[in-house]
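Visitor: make a model of this:
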Amino acid sequence: MATSPPLRIDVLTLFPEMFPGVLGSSILKRAAEPVVNPADPNDIRQPVVSYHVTDIRDYAGNKHQKVDQPSFGGGPGMVIQCQPVWDAVQAVEAQDDRPATRILLTPQGEPLTQPIVEELAGQPRLLMIAGHYEGIDERVIEKLAPIREISVGDYVLSGGELPAMVLIDAVVRLLPGALGHQDSAHHDSFSPGAQRLLDHPHYTRPRTWEGMEAPEVLLSGNHAKIEAWREAEARKRTEERRPDLLGDAPQ
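Guide: Numbers count the residues shown, from 1 in each chain. You can find the predicted model right below:
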């Protein structure tokens, strides 16, 4: 039976050395490798994602690989020039005939939410551009349209590399087969299975720790009562910590 090709994620950055440790660890590493079912060696889950990190400096067009210049109008910091970014995007997109959803990680973008992550996880290919310094020349951003500008929060980082890693992690864990249990991501905070609320509290062995008991209902074996308790605790926690989410949650 034919299987869909893995989601291709391209990252364009000035600092490719930041990515191997993250992409080569934990769930992100496992998702990019074949996984054999211990109970059946013939049951092999093929990779669900592939990562491709490109150094924008490779497209600088000068022997010093310089890609930034002072900002017109003055002011502190440097701005990444148009041509290296444009050439890098054209070269990378030509490596695969699937259309890429272009994403610029920037504090000026739309706030990242779980519904956006779910949408992006359904695409065949993502191309992320991690800006740095004072940003990227606005003209190449306009020429790359349509391009989705995404922010991971109302604060400023040194560049778009860490936000790109955050987005990759959020997307990859939603791909079928990436997690050990297919329902894990569905019930996370902000997800449909959690009614877009915060997740409920979790407990494990030992039953008593430092004089504190795990909730009795979780040990009852009554699945209906357990589910009702979890739903009530999720709503209570959301009311206390993120009441702004209740407007989007089903009643």
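
Visitor: quick one: low-confidence residue ranges for the stretch 1-150 of the chain.
Guide: 1-2 (pLDDT under 70).

Visitor: the helices in it, which residues?
Guide: Secondary structure of the stretch 1-150 of the chain (DSSP state H, counting those that start in this stretch): helices at 20-23, 26-31, 82-93, 114-121, 138-143.

Visitor: try the stretch 151-251 of the chain
Guide: Secondary structure of the stretch 151-251 of the chain (DSSP H, counting those that start in this stretch): helices at 161-172, 223-241.

Visitor: and the angle for the first one with helix 114-121?
Guide: By that I understand helix 161-172. Relative orientation of helix 161-172 and helix 114-121, computed by axes from the mean of the first three to the mean of the last three C-alpha atoms, to 10 degrees: 80 degrees.

Visitor: cool, and the longest one?
Guide: Angular relation of helix 223-241 and helix 114-121 on a 0 to 180 degree scale: 110 degrees, by the same axes, to 10 degrees.

Visitor: residues contacting helix 223-241, please?
Guide: Residues from elsewhere that reach helix 223-241 (C-beta atoms under 8 Å, 6 or more residues apart in numbering): 194-195, 197-201, 215, 217-218, 220, 245-246, 249. Every residue, glycine included, has its C-beta placed from N, CA and C.

Visitor: residue 71: which of these is nearest?
Guide: Nearest to residue 71, judged by C-beta to C-beta, of the contacts of helix 223-241 is residue 245 at 38.8 Å.

Visitor: the closest residue to that closest one other than its chain neighbours: how many residues sit nearby?
Guide: Sequence neighbours aside, residue 238 is the residue nearest to residue 245 in space, at 5.4 Å (criterion: C-beta to C-beta, 6 or more residues apart in numbering). Here the number of neighbours of residue 238 (other C-beta atoms under 10 Å) works out to 22.

Visitor: distance of residue 238 from residue 151?
Guide: Distance from residue 238 to residue 151, counting by C-beta to C-beta, to the nearest Å: 23 Å.

Visitor: check residue 165 too.
Guide: Taking C-beta to C-beta as the measure, residue 165 falls 14 Å from residue 151.

Visitor: nearest spatial neighbour of residue 70, skipping sequence neighbours?
Guide: That would be residue 78: by C-beta to C-beta, 6+ apart, it lies 6.2 Å from residue 70.

Visitor: isn't the one you found up against residue 72?
Guide: No. With contact defined as C-beta atoms under 8 Å, residue 78 does not reach residue 72; the gap is 11.8 Å.

Visitor: more neighbours, the two?
Guide: Taking neighbours as other C-beta under 10 Å, residue 78 and residue 72 compare with residue 78 leading, 15 against 8.

Visitor: list the contacts of the residue nearest the centre of the chain.
Guide: Geometric centre of the chain, nearest residue: residue 167, 2.1 Å, by C-alpha atoms, centre = their mean. Contacts for residue 167 (C-beta under 8 Å, 6+ apart) come out as 103, 105, 112, 117, 120, 128, 150, 152.
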